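Q: with the sequence up front, the predicted model follows.
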Amino acid sequence: MTTTRSAAHLDVGGMVRLARERVVARIREAEVVAAALSAGRNVVLEGPPGTGKTTLLRSLADGAGVPLVLVEGNAELTPTRLVGHHDASRVLTEDYRPENFVPGPLTRAMAEGALLYVEEFNRVPEETMNVLLGVLSEREMHVPRFGRVTARPTFRLVAAMNPFDAVGTARVTPALYDRSCRVAMGYQDENAELAVVTSVTDGPPELVARAVRAVRITRDHPELRIGASVRGAIDTVLIAVELAAVRDAGSVEEDTGLDAALAAMTGKVTLGDGASRAVEGVITDIWRQAGEELGKA
């Protein structure tokens, strides 16, 4: 069996330097993932949405000077969509030929020596996972009526998944973990999330602080099964600033902030089983609680 010893080392220094410039408070994770990729390993990133996984991977790929091929993992990601297919119209006139093969993301990533980043990996069908596992073991695959595809030395797989969302997901085989290194990425601390929202929105400090505090409250709220990521705070600030302009207000008033929070967060949280009230009521209470906590600080 061929192993990933044939994989080329990547520029770990370049990867980490760029990640430090682009990613807030993720230096440890950036160093570990960069080292694993440089060592020829594949990586499983586990963490909830909005924790910077994609931003981190983009930075590392750019720092290493290799392409990044993104794939959204879902039940529709069949082996054919992942690997590629022959152009049906050309097959009718030319028969099956290598030149009428349309490569899928896996084939492109192998041929280009790219990082193949599969989001929501635990939503991928089992037969598609098995294709990837074969490639990880052998660093090549045989495509019927096309031929053998061999991975360039810089090819790696990075599989991301949210371990807290069990709806519509499948159990990931231990074989994937055996062929990969696992890195957990939890939510950043409050100061880091404040820095993220400020850098993205440049919003008023009081509004940024309240929006960040509110999304953090959603993550431990007894009526919510899934809380909001930092994107909830970013969207709240951006909407509130625009809404204040629409209402011709000189600043973001209480009702404007609440309206923005409702628009930004109600779709990003999930009520717990047996919840007795609408999500709007929960977010309203959370927004007010965030204001009260900051007022006492």
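A: Happy to help now that I have it. These numbers were taken from a predicted model, which means no experiment stands behind them.
Q: for the protein, which spans come out with low pLDDT?
A: 1-6, 91, 96, 165-170 (pLDDT under 70).
Q: could you list the domains of it?
A: Domain ranges of the chain: 4-184, 190-296, per automatic domain parsing.
Q: make a markdown table from those and add mean neighbour count to it.
A: Quick note: C-beta positions are derived from backbone N, CA and C, even for glycine. Output for those, formatted as a markdown table (neighbours: other CB atoms under 10 Å):
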| stretch | mean neighbour count |
| --- | --- |
| domain 4-184 | 18 |
| domain 190-296 | 18 |
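Q: can you give the distance of stretch 150-159 from its chain's centre?
A: 19 Å (CA atoms, centre = their mean, to the nearest Å).
Q: what does stretch 38-52 give?
A: The answer for stretch 38-52 is 9 Å, by CA atoms, centre = their mean.
Q: same check on stretch 261-273?
A: 19 Å.
Q: contacts for that stretch next, please.
A: 211, 214-215, 218, 222-229, 231-233, 235-236, 239-240, 279-280, 282-284, 286-287 (CB atoms under 8 Å, 6 or more residues apart in numbering).
Q: can we see that at 6 Å?
A: 218, 223-228, 232, 235-236, 239, 279-280, 283, 287 (CB atoms under 6 Å, 6 or more residues apart in numbering).
Q: so the residue nearest to M110 when sequence neighbours are not counted versus G134, what's the distance?
A: Leaving aside its sequence neighbours, M110 sits nearest to A151 (CB to CB, 6 or more residues apart in numbering; 4.1 Å). Applying CB to CB, to the nearest Å, the value for A151 to G134 is 11 Å.
Q: can you show me the strands along the stretch 101-250 of the chain?
A: With strands called from DSSP state E, counting those that start in this stretch, the stretch 101-250 of the chain shows them at 101-103, 115-119, 140-143, 147-150, 156-161, 180-184, 224-226.
Q: need those in TSV (columns: distance to A249).
A: Formatted as TSV, the strands of the stretch 101-250 of the chain follow (distance: least, CB to CB, whole Å):
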stretch	distance to A249
strand 101-103	53
strand 115-119	39
strand 140-143	59
strand 147-150	59
strand 156-161	40
strand 180-184	42
strand 224-226	30
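Q: so which of these comes closest to R28?
A: With CB to CB as the criterion, R28 lies closest to strand 180-184 of those, at 9.4 Å.
Q: what lines up beside that closest one in the sheet?
A: Paired with strand 180-184 in the same sheet, following DSSP bridges, are strand 42-46 (parallel).
Q: contacts for the strand it pairs with, please.
A: Here strand 42-46 makes contact (CB under 6 Å, 6+ apart) with 33, 36, 53, 136, 156-161, 163, 180-185.
Q: and for stretch 181-192?
A: Everything outside stretch 181-192 that qualifies as a contact, by CB under 6 Å, 6+ apart, is 24-25, 29, 32-33, 36, 41, 43-47, 51, 53.
Q: after the host helix or strand of L18, next one along is what?
A: Following DSSP states H and E, one finds L18 within helix 12-22. Using DSSP H and E, the helix or strand that follows helix 12-22 in sequence is helix 27-38.
Q: by contact count, what packs against that next one?
A: Other helices and strands packing on helix 27-38, by 3 or more CB pairs under 6 Å, 6 or more residues apart in numbering; DSSP states H and E, are helix 12-22, strand 180-184.
Q: what do you get if the cut-off is 8 Å, keeping everything else the same?
A: helix 12-22, strand 42-46, helix 53-64, strand 156-161, strand 180-184 (3 or more CB pairs under 8 Å, 6 or more residues apart in numbering; DSSP states H and E).
Q: correct me if wrong: G113 contacts P153.
A: Yes. Under the criterion of CB atoms under 8 Å, G113 makes contact with P153 at 6.4 Å.
Q: joint contacts of the two?
A: A8.
Q: got the contact list for the residue lying closest to G250 once chain neighbours are set aside?
A: Among residues not flanking G250 along the chain, A244 sits closest, at 7.8 Å (CB to CB, 6+ apart). Applying CB under 8 Å, 6+ apart to A244 gives the contacts G250, S251, V252, E253, T256.
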